[in-house]
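Asks: next comes the sequence, and after it the predicted model I'd like to discuss.
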Amino acid sequence: MAATAKGPLDGVRVLDLSRVWAGPHCTRILADLGAEVIHISGRRLVGRREVTRETAKVLGTYPDNDPGERHWNRNVLNNDMGRNKLDIPRELNTERGVELFKRLVKISDIVIENYSPRVMPNLGINYSVLKAINPAIIYCSMPGYGPEGPFHHFVSYGTTIDPHSGLASRMGYPGEEPHMSGNAYPDPASGMFATGAIMTALFSRYRTGKGQHISLAQAESGTALTGEASLGYQLSGEVPPRIGNGHVRKAPHGAYPCKGDDKWVAISVGTEAQWTNFRDAIGEPGWAVDERYLTLEGRLQHQPELDGHVADWTRSRDAYDAMRLLQDAGIAAGVVVNADELMNDEHLNQRRFFWKFDHPEAGVQTHAGQPIRLSETPARHYRSAPTLGQHHPYVLGELLGLSDDEITDLEETGIIGYTPLVRE
């Protein structure tokens, strides 16, 4: 291949049957760390056959809202998840497609999928079958609710798993309805859990020579992060109320309005020493020495009024100025950044967090890099996201040894291809 990785996972081959976000997030981490990730999907799963400019404008996922002639190669979300990966769309609902997949399994290290539990057995390529082909294979399945249990067959998306995992019940203001996280949080959380599980299985295989099956339910990935809310219920028997941006042991604590349109600063004051520093930093206004706020108990009891006073102070100030002033006083404070500010953040850019990719059809795009920083074998970007079917010659020809005529026959019979198929 023209672009190669020499990261900590160099030499590890991953067959990635996952889609959308949860699984692709995991395999993107593996690819960034140097694994050879081969993304395999049916062309009916790529998306609609046509996307108009009007639809592209609504979706907001195409450069300049232009879907182009081959929109499937210009979708920036797919390209973000697809960086550093190879792509070979293949119809696994055909006997020949399954046969070629099994041949790849024989020379691979990891298989990952996030289908519903019935899909892989129906295709005849579940773990027991693949283990017989390659006993060292590590197989990670990550359906919404796991392979068993009363909900295992439920259709799931991150936006429905979020509330079902218990996370949404914690989001919202007192006396109001629950809120979802806004970014299908269980999806990336599941991806990170899957990454850790796969790395653990690789280490185990290094010692034993044996692969294993990783069963990961996306809903449980969200539930595992509910933390003290679940523990608190076990201790008290009471469901913790929603407290908005507040905190049970800190006050003031929340996001406060600043000068400008939709500008905010988050402030967290915990200890009495911090409260004293906070009062000094904001100039010791009269309300700050009100007897209601002299103790943490009093500040928590009168938090709505306290928040109003803090908001009056922040409202006339630039968010970054307020953050720096409070940080200089030892107070945890941070600007609530929007997308524009995030991309231009001086701290992130100085640390070179963002990576630029020059895609052959989508052009130059900037994507979030990896927060993982290894001193000797760092994660890096070495290949833009593939176009649909770009790596048929390498995977089918070089890895599996098929001739040009055999590859052409696969294309003519519709088992492989370079354009989406219409969903039936």
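Replies: Cool, got the structure.
Asks: summarise which helices and strands the worst-scoring helix or strand of the chain on mean pLDDT is packed against.
Replies: When the helices and strands of the chain are scored by mean pLDDT, DSSP states H and E, helix 228-236 comes last with a mean of 77. Packed against helix 228-236, as judged by 3 or more Cβ pairs under 8 Å, 6 or more residues apart in numbering; DSSP states H and E, are no other helices or strands. Every residue, glycine included, has its C-beta placed from N, CA and C.
Asks: direction included, what does the next helix or strand after it pair up with?
Replies: Using DSSP states H and E, the next helix or strand after helix 228-236 towards the C-terminus is strand 253-257. Paired strands of strand 253-257, with direction, are strand 264-268 (antiparallel) (DSSP bridges).
Asks: so what touches the partner strand?
Replies: The contact list for strand 264-268, computed with Cβ atoms under 8 Å, 6 or more residues apart in numbering, reads 245, 247, 250, 252-258, 278, 310, 314, 319, 322-323, 326, 331-336.
Asks: buried subset of these as a ChimeraX selection?
Replies: In ChimeraX syntax, the buried subset of those is picked out as below (16 or more other Cβ atoms under 10 Å):
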select :247,250,252,253,254,255,256,257,258,278,310,314,319,322,323,326,331,333,334,335,336
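Asks: domain parsing of this structure, as residue ranges.
Replies: Using automatic domain parsing, the domain parsing of the chain gives 13-224+352-412, 253-343.
Asks: all strands of the stretch 251-400 of the chain, in order?
Replies: All strands of the stretch 251-400 of the chain, identified by DSSP state E, counting those that start in this stretch, fall at 253-257, 264-268, 332-335, 354-359, 363-368.
Asks: residues touching the nearest residue to L86 once chain neighbours are set aside, list them.
Replies: Leaving aside its sequence neighbours, L86 sits nearest to H391 (Cβ to Cβ, 6 or more residues apart in numbering; 4.1 Å). Residues near H391 by Cβ under 8 Å, 6+ apart: 38, 86-88.
Asks: which ones among the residues you listed lie within helices?
Replies: The helices, defined by DSSP state H, take in nothing from these.
Asks: filter these to the buried ones?
Replies: Looks like those have 38, 86-88 buried, using 16+ other Cβ under 10 Å.
Asks: could you point out which of these is nearest to T387?
Replies: Using Cβ to Cβ, D87 is the member of those that lies nearest T387, at 7.2 Å.
Asks: right, and the closest one touches S384 too?
Replies: No: counting by Cβ atoms under 8 Å, D87 sits too far from S384 to count as a contact (11.4 Å).
Asks: need the contact list for the most centrally placed residue in the chain.
Replies: Centroid-nearest residue in the chain: P188, 2.8 Å away (criterion: Cα atoms, centre = their mean). Counting by Cβ under 8 Å, 6+ apart, P188 makes contact with 21-22, 25.
Asks: give me the pLDDT for it.
Replies: On pLDDT, P188 comes in at 87.
Asks: ok but it is inside a helix, no?
Replies: Yes: with DSSP: H, G, I helix; E, B strand; the rest coil as the criterion, P188 is part of a helix.
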